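>>> model this:
(one chain, ligands or ions: 1)
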Amino acid sequence: VKKAKTAKDSNTHGLTKCRVLLAELEAHPDAWPFLTPVNQKAVPGYRKVIKKPMDLSTIREKLTNNQYLNLETFIADVNLIFDNCEKFNEDDSEIGRGGHSMRRFFDKRWTELLD
Ligand SMILES: Cn1cc(C(=O)NCCN2CCCC2)ccc1=O
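You can find the predicted model right below:
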């Protein structure tokens, strides 16, 4: 017998997918530039250029603190990582290429897990 879908249910499933996706991003070989916040003291220009810094450890913290309402708000923060990377890094740079690689991987995986 089909169980009634409550808002909580669909949210729970969405959050389970967030946990799966975040674990895969953290484990990706090209994730190293994105694992922790960019050190704004060590990276000249970053503070001025990037208005909304984001990284995987911050997303992990927000997920742990139940700050993501649904899969969409989680996806928005992940995309912020890649958009910041494209803004600050040349495409033809190690970190720039890493950002493109991670975005391709993420786009493929969340569409496979589509909520
Ligand atoms: C995403 N992003 C990252 C950096 C960066 O330098 N990350 C530090 C990388 N860590 C240094 C020691 C271990 C790894 C610079 C620009 C940028 O857009």
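
>>> excluding its backbone neighbours, what's nearest the residue of the chain found nearest the ligand?
Residue nearest to the ligand within the chain: residue 33 (3.9 Å; C-beta to the nearest ligand atom). The C-beta positions use only the backbone N, C-alpha and C, and glycine is treated the same way. Excluding the flanking residues, the one nearest residue 33 by C-beta to C-beta, 6 or more residues apart in numbering is residue 95, at 4.6 Å.

>>> how about the helices in the chain?
Secondary structure of the chain, counting by DSSP state H: helices at 7-27, 46-49, 56-64, 71-88, 94-112.

>>> what's the most buried one of these?
Comparing these by mean neighbour count (mean count of other C-beta atoms under 10 Å), helix 71-88 comes out on top with a mean of 18.

>>> what is the orientation angle of it with helix 7-27?
30 degrees (axes from the mean of the first three to the mean of the last three C-alpha atoms, to 10 degrees).

>>> quick one: contacts of helix 71-88?
Here helix 71-88 makes contact (C-beta atoms under 8 Å, 6 or more residues apart in numbering) with 14-15, 17-18, 21-22, 25, 33-34, 45-46, 49-50, 52-56, 58-59, 62-63, 68, 95-96, 98-100, 102-103, 106, 110, 115.

>>> hmm, try it at 7 Å
Residues outside helix 71-88 that contact it (C-beta atoms under 7 Å, 6 or more residues apart in numbering) are 14, 17-18, 34, 46, 49-50, 52-55, 59, 68, 95-96, 99, 102-103, 106, 110, 115.

>>> Run the chain-centre distance for that helix.
Here the centre of helix 71-88 is set off from its chain's centre by 6 Å, with C-alpha atoms, centre = their mean, to the nearest Å.
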